[in-house]
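> Any chance you can model this:
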Amino acid sequence: MTYMAYFIIAGILGLGFIAYKKRKSLIYNALKVYSDISDKLENQTELTDNFKVKHFTLDNNNLYQFETLEEIKDNNYNYIITKIRYNNKHYHVLEDKNEIADLNTLSQKYKDKARLLDGAPYLLAITFNLKYENEQLFKERDVSSLINSFVVDNSILDLNKETNKLMLHYIKNYYNLKIYMIENQDFFENFEIEWIILDNNVEIQQSAEFIIKVINDKVTIIIN
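Have a look, this model is predicted:
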């Protein structure tokens with residue numbers, strides 16, 4: 001046997017002896033790594049398993065976020081936008097507060113609907129044109145991602161002269177748009193808006209007011 005072979009064998013035996021002596025340390029470190037990975041996965045699950053709801057309305061012609069559900073009943077403006085986040089999914093609801101039967105069941109209703117979201121948009125695109133005193137403020141401004149979050153299965157989005165006010169405020173806030181005159185009462189007496197919808201049949205529909213209903217995955221667009 002050559003000297004080189006002796007060195008190789010001695011090296012292997014030496015490594016084996018070191019591994020044997022440190023076996024407890026190696027096993028402990030392996031278990032610790034496994035435990036750390038398990039903790040991280042568990043924490044990720046806890047982070048995604050969350051539920052957050054925010055309610056918005058108009059108060060003195062400004063966008064206002066409710067601190068408590070009880071405030072909804074006391075506010076003078078009838079309509080509210082609710083933003084729901086649950087398990088990394090999110091959607092919106094625009095509704096008349098007078099049609100909410102029980103405030104105490106809202107959270108569960110929103111959570112149940114969030115579980116059914118699959119993320120597939122019902123509209124290909126939606127933009128809007130906005131004029132005030134014959135001045136073109138926006139032309140075909142894309143708001144597809146936001147409006148699609150209102151258009152989910154078994155939902156109704158009713159944009160009319162009154163709810164357009166709240167939606168415009170919310171769009172301004174959501175996209176951080178510069179519409180300074182929106183806070184003047186005169187603006188909402190004289191603004192002109194036109195929504196432009198490209199539906200999933202690749203048909204374009206335009207109107208200042210419309211209703212979008214989604215019932216069992218079937219979309220119906222009603223132009224007022």
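> how's the chain carved up into domains?
3-48, 51-223 (automatic domain parsing).
> tell me, which of these is the model least confident about?
Lowest mean pLDDT of the domains of the chain: domain 3-48, a mean of 43.
> Mean neighbour count for the domains of the chain - can I get that in JSON lines?
No exception for glycine: its C-beta is placed from N, CA and C like everyone else's. Shown next, in JSON lines, are those (neighbours: other Cβ atoms under 10 Å):
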{"stretch": "domain 3-48", "mean neighbour count": "10"}
{"stretch": "domain 51-223", "mean neighbour count": "15"}
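> Tell me who's in contact with the residue sitting nearest the centre point of the chain.
For the chain, the residue sitting closest to the mean C-alpha position, by Cα atoms, centre = their mean, is His90 at 3.0 Å. In this structure, His90 makes contact with 83-84, 114, 149, judged by Cβ atoms under 8 Å, 6 or more residues apart in numbering.
> Val143 too?
So Val143 contacts 126-128, 171, 175 (Cβ under 8 Å, 6+ apart).
> any idea how far Tyr79 is from Leu124?
27 Å (Cβ to Cβ, to the nearest Å).
> Could you pull out the helices in the chain for me?
Under the criterion DSSP state H, the chain contains helices at 3-21, 23-48, 70-74, 106-115, 144-148, 163-175, 185-190.
> Isn't Phe210 up against Ile197?
Yes: the pair Phe210 / Ile197 is scored as a contact, 7.3 Å apart, by Cβ atoms under 8 Å.
> list residues touching both of these two?
With Cβ under 8 Å, 6+ apart as the test, Phe210 and Ile197 both reach Ile221.
> CA-only coordinates of stretch 131-139 in PDB, if you can.
C-alpha atoms of stretch 131-139 as PDB (Å, rounded to 0.1, in the frame of the first residue of the first chain):
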ATOM      1  CA  LYS A 131     -65.000  66.700 -17.300                       C
ATOM      2  CA  TYR A 132     -65.700  69.700 -15.100                       C
ATOM      3  CA  GLU A 133     -66.800  73.000 -16.500                       C
ATOM      4  CA  ASN A 134     -66.000  71.800 -20.000                       C
ATOM      5  CA  GLU A 135     -62.400  71.000 -19.000                       C
ATOM      6  CA  GLN A 136     -61.200  67.500 -19.700                       C
ATOM      7  CA  LEU A 137     -59.700  66.300 -16.400                       C
ATOM      8  CA  PHE A 138     -59.200  62.600 -17.400                       C
ATOM      9  CA  LYS A 139     -59.600  60.800 -20.700                       C
END
